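In: Here is my input; please provide its structure:
(2 chains)
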Protein chains: 2
Amino acid sequence: MVEATIASGTSAKRLETAPTEFVESSGIRFAYRTVGTRSGTPLIMLQHFTGHMDSWDPAVVNALANDRPVIVFDNTGVGQSSGSTPDNVRQMAKDARRFISALGLTGVDLLGFSLGGFVAQQLAADYPDLVRRVVLVGTAARGGEEHLLAVLDEARSHMKAPDIRLPLFFTPSEASQAAGRAFLRRVSARQVDRDPESGDAISGPQAKALIGWCASKDPDNSILGRITQSVLVVCGSDDTMLPDRNAYFLFKHLRSAQLILYPDAGHGALFQYPERFVNHVTLFLTE
Amino acid sequence: MVEATIASGTSAKRLETAPTEFVESSGIRFAYRTVGTRSGTPLIMLQHFTGHMDSWDPAVVNALANDRPVIVFDNTGVGQSSGSTPDNVRQMAKDARRFISALGLTGVDLLGFSLGGFVAQQLAADYPDLVRRVVLVGTAARGGEEHLLAVLDEARSHMKAPDIRLPLFFTPSEASQAAGRAFLRRVSARQVDRDPESGDAISGPQAKALIGWCASKDPDNSILGRITQSVLVVCGSDDTMLPDRNAYFLFKHLRSAQLILYPDAGHGALFQYPERFVNHVTLFLTE
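Out: Residues are numbered from 1 along each chain as shown, chains lettered A, B, ... in the order given. Just a heads-up that it's a prediction; the model follows:
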């Protein structure tokens, strides 16, 4: 088991109040925050389309951080990080690799959500010595099935919700929408030093990367074939953007994957059932 | 939450040494053993084709029994119980209901494996007030896909294994076969008062029940539709008798189900990863 120690910088108890720090590599100044214990294999969180450090659910991050350092960051061009957002997953993975190395970390676990799950797969395949275990949530293999723009358009056209994540991440059921509102309260708890919201300079290239990943077929599953690490795949029953068929496909084609699917849950399954999700991830990372 | 107390009889610490007890109902004398705490919602274990009380893995039963009473029993005609084995799932469920009521229990959780999973579905649908939560392992909805006889024939024709459960319950991989041998050591640990092995008087009607369940289509999913309880569905990636497509189908058609699939695992996924399985079931039963 890889063990690492966060040698420098700050490790806060809660994401809501964790200070933003910066590290530079190859001309990019990466913004990040560290929560949790100082020893143990750090868990690097890889974020969804247009998301940034303040898009992570404190209920998930803080509870995962009980047993390990959890590091959220803005990849190139996002939030408080410098540079231009790349328009392809391979470059995003290279940039994430630079960020991780700049922190002096030589072994990490990854949690990739949606677009971040694409980046996590690419990282795990390209850097097997760096990546110990991988959690993939609401995501797809290269060549997978995505309905990003259709679902975004649909959500925008019926936009009565106070936040687009209510229709995008949660199902129409009363229970799911209530969980969504609780999630929105949690992600808005941080009062100071919030990341700026993502504009077209981020959403444009990220949409191209996301659509390109799914449009470029991978008949030999060459990326999945190179992932030898243990993987936990999690998805909601009613994910409209990246349907749970993708999760089942990942499970069937990865060498060593567990699959967990949640009921009455959309793309944001991990935010709908934060306690259950944390329990499952904790079991996976510690077994 | 239903709470019950095992009012009478013995509750042992380990399945391997739990005494066999008997309770009578409608002319059937049911053999059973109780392991674990005396309070909490009892977990009733529903056994696979030709299995009996000594076919359960002590590693699974004993660990689950840390937090609740776990009750294994022989249904009508099996092991040390009297009567003739029924040839249909509905009657098996009725008999299980009689056994549970004869113990004076008014609220239970169910863990049904394979054929026992059919019985668990029927019980949960028919007796919603009795059944709180349900764990379904290596099983299928009515009308599901089964390869029981084909797989049995195949296993028998290549029979070099010391126990047919090695090829039937585990994959050909070295890791899975090693887990299988460890499982066989655990299930053979009990020295006294073991159940007799099942003969044709059990396997005949049980095979008819199993094949009949899968052969009788249920286009409206009438049984699944009546199951309102929370369900945890677990299956192995390479279950040759009741493939994991069945588990995914159950997940998609049950009202509130979580799905967990394990890698490199056959029909006996719960015995291959006893610790992981117990952790997942414990989370499900206690959340």
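
In: CA only for contacts and neighbour counts going forward, please
Out: Fine.

In: Next, count neighbours for A:Ala150.
Out: Neighbour count of A:Ala150, defined by other C-alpha atoms under 10 Å in any protein chain shown: 12.

In: so A:Pro162 is in which element?
Out: If you go by DSSP states H and E, A:Pro162 is not part of any helix or strand.

In: What is the burial count for it?
Out: Neighbour tally, A:Pro162, other C-alpha under 10 Å: 10.

In: what's the answer for A:Val23, then?
Out: A:Val23, neighbours per other C-alpha under 10 Å, totals 14.

In: In three-state terms, label it for me.
Out: Here A:Val23 is strand, with the state taken from DSSP: H, G, I helix; E, B strand; the rest coil.

In: Make sure it is actually in contact with A:Arg29.
Out: Yes - counting by C-alpha atoms under 8 Å, A:Val23 touches A:Arg29, with 5.7 Å between them.

In: what's the longest strand in chain A?
Out: strand A:28-36 (DSSP state E).

In: just checking, next helix/strand downstream of that strand?
Out: Heading C-terminal from strand A:28-36 (DSSP H and E), you reach strand A:43-46.

In: For that following strand, which strands pair with it and how are they oriented?
Out: Sheet pairing of strand A:43-46 (DSSP bridges) gives strand A:69-73 (parallel), strand A:108-113 (parallel).

In: what's the spacing between A:Arg43 and chain B?
Out: Careful, residue A:43 is Leu; it's not Arg. 21 Å (C-alpha to the nearest C-alpha, to the nearest Å).

In: Can you measure across stretch A:241-259, start residue to end residue?
Out: 18 Å (C-alpha to C-alpha, to the nearest Å).

In: And for stretch A:213-226?
Out: First-to-last residue span, stretch A:213-226, C-alpha to C-alpha: 17 Å.

In: Does that stretch reach chain B?
Out: No - using C-alpha under 8 Å from any C-alpha of the partner chain, stretch A:213-226 stays clear of chain B, with a minimum separation of 14.4 Å.

In: What residues are bridge-paired with the residue of chain A found nearest chain B?
Out: In chain A, the residue that lies nearest chain B is A:Ile260 (4.6 Å; C-alpha to the nearest C-alpha). Taking DSSP bridges, one obtains A:Val234, B:Ile260 as the residues bridged to A:Ile260.

In: My guess is it contacts A:Val231. True?
Out: No - here A:Ile260 does not reach A:Val231: they are 11.0 Å apart, not a contact under C-alpha under 8 Å.

In: Which residue of those two possesses the greater neighbour count?
Out: A:Val231 (27 against 23).

In: chain center to the helix or strand containing the more buried one, what's the gap?
Out: Using DSSP H and E, the element containing A:Val231 is strand A:230-236. Distance of strand A:230-236 from the chain centroid (C-alpha atoms, centre = their mean, to the nearest Å) equals 12 Å.

In: ok, now stretch A:200-214?
Out: 15 Å.

In: rewinding a little: so which elements touch the longest strand of chain A?
Out: strand A:21-25, helix A:58-64, strand A:69-73 (3 or more C-alpha pairs under 8 Å, 6 or more residues apart in numbering or on different chains; DSSP states H and E).

In: Direction included, what does the first one pair against?
Out: Take DSSP bridges as the rule and strand A:21-25 pairs in its sheet with strand A:28-36 (antiparallel).
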